[in-house]
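A.B. asks: A structural model of the following input is requested.
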Amino acid sequence: MAGIHISDIEAAINHWRERTPSPDGVSLAPPVHALAEVYARLVFLHHHEVDEHDIPDAARSAWLAWVDTQPDTPCIAICSTSQGDAHCKGCGRSFEEVQLWTGMSPAQKRVVWRRITQEGTAWRFNRYAERG
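C.D. replies: Take a look at the predicted model:
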């Protein structure tokens with residue numbers, strides 16, 4: 001089971017706040033409310049992530065709708081794993097991650113995205129950033 005990081009919950013909240021602003025400045029749209037409850041629980045418990053199967057359906061649906069607005073794959077079509085590298089110089093994924101990508105859950109993909117973004121060493125983040 002993969003964990004959904006608090007930064008992804010926050011990004012999804014901001015996504016929905018932009019698309020469904022509060023009509024009165026106080027009330028929250030249903031997707032924002034559902035995600036905010038998960039976010040608040042994480043903050044209260046001092047946790048950084050929640051298991052993808054442990055969030056309420058409404059929050060999961062809102063999060064998945066946000067995920068659908070993000071790039072699916074970090075690939076920039078410069079794959080060094082095909083040349084024998086353990087980690088792709090282009091996207092930063094391991095050979096195994098590249099091979100299993102299409103079968104990964106959205107949360108598993110986001111775990112990889114978070115890691116490669118934090119590392120920031122893949123060419124997609126520097127040398128070929130325009131491809132990202």
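
A.B. asks: the residue nearest to the spatial centre of the chain sits in which helix or strand?
C.D. replies: Geometric centre of the chain, nearest residue: residue 110, 3.5 Å, by C-alpha atoms, centre = their mean. Taking DSSP states H and E as the criterion, residue 110 maps to helix 106-119.

A.B. asks: which parts of that helix are buried?
C.D. replies: By 16 or more other C-beta atoms under 10 Å, the buried positions in helix 106-119 come out as 106-114, 116. All C-beta atoms are positioned from the backbone trio N, CA, C, and that covers glycine.

A.B. asks: can you name the farthest residue from the center of this protein?
C.D. replies: residue 24 (30.0 Å).

A.B. asks: so that one, which of the three states?
C.D. replies: For residue 24, the assignment made with DSSP: H, G, I helix; E, B strand; the rest coil gives coil.

A.B. asks: quick one, phi/psi of it?
C.D. replies: Phi and psi for residue 24, reported as degrees, to the nearest 10, are phi -120, psi 10.

A.B. asks: who's in contact with residue 97?
C.D. replies: Each residue near residue 97 by C-beta atoms under 8 Å, 6 or more residues apart in numbering is listed here: 104, 112.

A.B. asks: relative to residue 122, how far out is it?
C.D. replies: 12 Å (C-beta to C-beta, to the nearest Å).

A.B. asks: low pLDDT regions in this protein?
C.D. replies: Applying pLDDT under 70 to the chain flags the ranges 1, 132.

A.B. asks: now do the strands in it.
C.D. replies: Along the chain, the stretches classed as strands by DSSP state E are 3-5, 49-51.

A.B. asks: how far out from the middle of the chain is the first one?
C.D. replies: This means strand 3-5. On the basis of C-alpha atoms, centre = their mean, to the nearest Å, strand 3-5 is displaced by 8 Å from the centre of the chain it belongs to.
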